[in-house]
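> I would like the atomic coordinates for the input below:
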Amino acid sequence: MASIAPREPLVSFSPQRLREALDSILREAAIVPTGYCVGLSGGLDSSVLVAALADPAVAPALTLRALHVDHGLHPDAARWSARAAALAGGLGVPCEIVRVDARPGRGESPEAAARTARYGAFASRLRRGEVLLAAHHADDQLETVLLQWLRGGGLRAVAGMRPVTPFAGGWLARPLLAFTRAELQAWAQGRGLEWLQDPANADPRFDRNYLRLEVLPRLRVRWPAAARTVGRVAAQA
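Residues are numbered from 1 along each chain as shown. Predicted structure coming up:
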């Protein structure tokens, strides 16, 4: 008889669970922040992050603000910036738009150039003692670990992205690592939250997109809980 793959256990996302996850990782790292700054792209993940943190029931007592980086790489970049600012403004969260030159240099991949420019912008704007909140979730962690293995990252690659790390006079925290993209999307749709779709995310020429679009859907058919399982291994590492 053929075996049936177990269903992934449901861990529903909510603003309260997000706040608990954030408080937990900061407490374990003995961090007492001066404020919070969300890296807001306007996509699903960061839109959920800022909307959930702005929920009056769980909103932090400290300052909450957002930074949106305009990479200038797409004709609609200005419109995306306006949409991100409107989203934050509608939630009562101040949002600063930072424009950067993310064109890749010779031999540099477009992904790497955009990432370097983005984090450079964050570093230049982060206030001392502030926590930059990135919207990486469990599926992002799965992709990161697999990509690092495939690129020969060694044993340290098992740890993937860390929940919190020092960054630019403050810290970089990832409070969504315990939640899958499906959970974030279900919460967003249930609240009528709108988000941007970057067409570059559908281009399989990029390694991460190829993994996300071509490989992981087949992997999840066999191992539905892959993202959460790899996330536990990464946390232990």
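
> Local confidence estimate at the residue nearest to residue 210 when sequence neighbours are not counted?
Distances taken as C-beta to C-beta, 6 or more residues apart in numbering put residue 204 closest to residue 210, at 4.6 Å, once the chain neighbours are dropped. All C-beta spots, glycine's among them, are computed from the backbone N, C-alpha and C. Note on residue 204: pLDDT of 78.

> and if you look at residue 225?
Looking at residue 225, the pLDDT reads 86.

> Against residue 182, how distant is it?
Distance of residue 225 to residue 182, computed by C-beta to C-beta, to the nearest Å: 12 Å.

> got it, and residue 136?
Taking C-beta to C-beta as the measure, residue 136 falls 15 Å from residue 182.

> And for residue 91?
Distance of residue 91 to residue 182, computed by C-beta to C-beta: 23 Å.

> what's the answer for residue 13, then?
9 Å.

> Which of the two has more residues huddled nearby?
Neighbour totals were compared for residue 13 and residue 182, and residue 13 leads with 23 against 16 (other C-beta atoms under 10 Å).

> In which helix or strand does the more buried one reside?
Element membership of residue 13 [criterion: DSSP states H and E] is none; it lies in no helix or strand.

> Got phi/psi on it?
The phi/psi pair for residue 13 (degrees, to the nearest 10) reads phi -80, psi 140.

> Leaving out sequence neighbours, find the closest residue to it.
Residue 13's closest residue in space is residue 183 (C-beta to C-beta, 6+ apart), at 4.2 Å.

> tell me the contacts of residue 126?
Neighbour list for residue 126: 37, 132, 167-170 [criterion: C-beta atoms under 8 Å, 6 or more residues apart in numbering].

> Among those residues, which pair sits farthest apart?
Distance extremes for these: the farthest pair is 37 and 169 at 12.0 Å, using C-beta to C-beta.

> out of these two, which sits in the more crowded spot?
Between residue 37 and residue 169, residue 37 has the larger neighbour count (other C-beta under 10 Å), namely 23 against 11.

> Test my guess that the more buried one contacts residue 62.
No - Residue 37 is beyond contact range of residue 62, at 10.4 Å (criterion: C-beta atoms under 8 Å).

> Where is the longest strand in the protein?
If you go by DSSP state E, the chain has its longest strand at strand 63-70.

> which parts of it are buried?
64-70 (16 or more other C-beta atoms under 10 Å).

> Likewise for stretch 171-191?
By neighbour count on 16+ other C-beta under 10 Å, the buried set for stretch 171-191 is 171-185, 187-188.

> That concludes my questions; thank you for your assistance.
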